[in-house]
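>>> Pasting the sequence and the predicted model now:
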Amino acid sequence: MSFKGSQAYDNDDFFENYMARRKREESPNERIETPVFLEKLGDVTGKHILDLGCGDARFGYELLQKGCTHFQGVDGSKNMVEAANKVLEGTNGSVAHFPLKRWDFEKHTYDVVMSRLVFHYIEDLQTIFDQVYKTLADQGQLIFSVQHPVLTSSIESAAKSSKKSNWIVDDYFNTGQRVEPWIEEQVIKYHRTTEDYFAMLKRSGFSIEDISECSPKPENFSSEEEYERRMRIPLFLIFSCRK
Ligand SMILES: C[S@@+](CC[C@H](N)C(=O)[O-])C[C@H]1O[C@@H](n2cnc3c(N)ncnc32)[C@H](O)[C@@H]1O
């Protein structure tokens, strides 16, 4: 059986395994993606932020500590929403249980819409970008990360269980659905080229201000060996866009 969207995260074994990986000190999300994401967000003081696919909302909690006025998370997984409710208890943050395609994107509501490692699960991403454009205030920002297109192109390397020191890029321009073996399950993702993301964002009306491929920084690693390993394969792609 293959899992679509949030479904995998509502399989309890998958969820526990994923959370344990995500919270690892050496997790590439923490060592590579988070520092770049924070840099792109800049000063969040006074901002109203919407996080699409917020997971357990630990990042939202961090943003509230940094002075964001209100954090709204949305996630399609019941397990994630339960975890997020605990994390956000007593804060100016809240979380809603919706698949993104059913979320009510109210007009001119947020200063920042963000999303971390979620959009490669979405089949009709153009509609989501259109909705995000609508829900942003004028000059509002969309900042999101996806799995690097080099990774999503082919599942051949993903299927190997050993630590990867190289990655097979294949079918790069044959975009569309991939069924990837991940944490002992089959997960549906959508491969897009960098150019595809760029074109869709422009079609929705965004100006693309910056992209980052998240090159690892030695100062963010406690192990030299891990840093050297992470210099080999790009994992993340981050877009910063403005309405
Ligand atoms: C890899 S996790 C990332 C979680 C969080 N953004 C983070 O970086 O820690 C992907 C998240 O996207 C959510 N998700 C995937 N597809 C979704 C959809 N169609 N609608 C809402 N949430 C979705 C999943 O439930 C999961 O919490």
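Nice, thanks for sending it over.
>>> what separates the closest residue to Lys66 other than its chain neighbours from Lys243, distance-wise?
With Cβ to Cβ, 6 or more residues apart in numbering as the criterion, Lys66 has its nearest non-adjacent residue at 5.3 Å, and that residue is Val44. (Each C-beta comes from the backbone N, C-alpha and C, glycine too.) Val44 sits 17 Å away from Lys243, going by Cβ to Cβ, to the nearest Å.
>>> Same check on Ile188?
30 Å.
>>> Please apply the same query to Glu89.
32 Å.
>>> More neighbours: which of the two?
Set Glu89 next to Lys243 and count neighbours by other Cβ atoms under 10 Å: Lys243 wins out with 19 against 9.
>>> is it true that that one touches Thr135?
No - when contacts are counted by Cβ atoms under 8 Å, Lys243 is not listed as touching Thr135 (9.6 Å).
>>> got the residues of the chain near the ligand?
Contact residues (Cβ under 6 Å from any ligand atom) of the chain with the ligand: 5-6, 9, 22, 53-55, 75-77, 80, 99-100, 116-118, 121-122.
>>> Drop anything exposed from these.
5-6, 9, 53-55, 75-77, 80, 99-100, 116-118, 121-122 (16 or more other Cβ atoms under 10 Å).
>>> How about residues contacting the one helix or strand in the chain whose mean pLDDT sits lowest?
Lowest on mean pLDDT, DSSP states H and E among the helices and strands of the chain sits strand 2-3, with a mean of 89. Strand 2-3 is contacted by residues Asn11, Phe14, Val179, Glu185, Gln186, Val187, Ile188 when judged by Cβ atoms under 8 Å, 6 or more residues apart in numbering.
>>> so how many other residues sit close to the fourth one?
When you say that, I think you mean Glu185. Neighbours of Glu185 using other Cβ under 10 Å come to 17.
>>> repeat for the second one
For Phe14, the neighbour count with other Cβ under 10 Å is 19.
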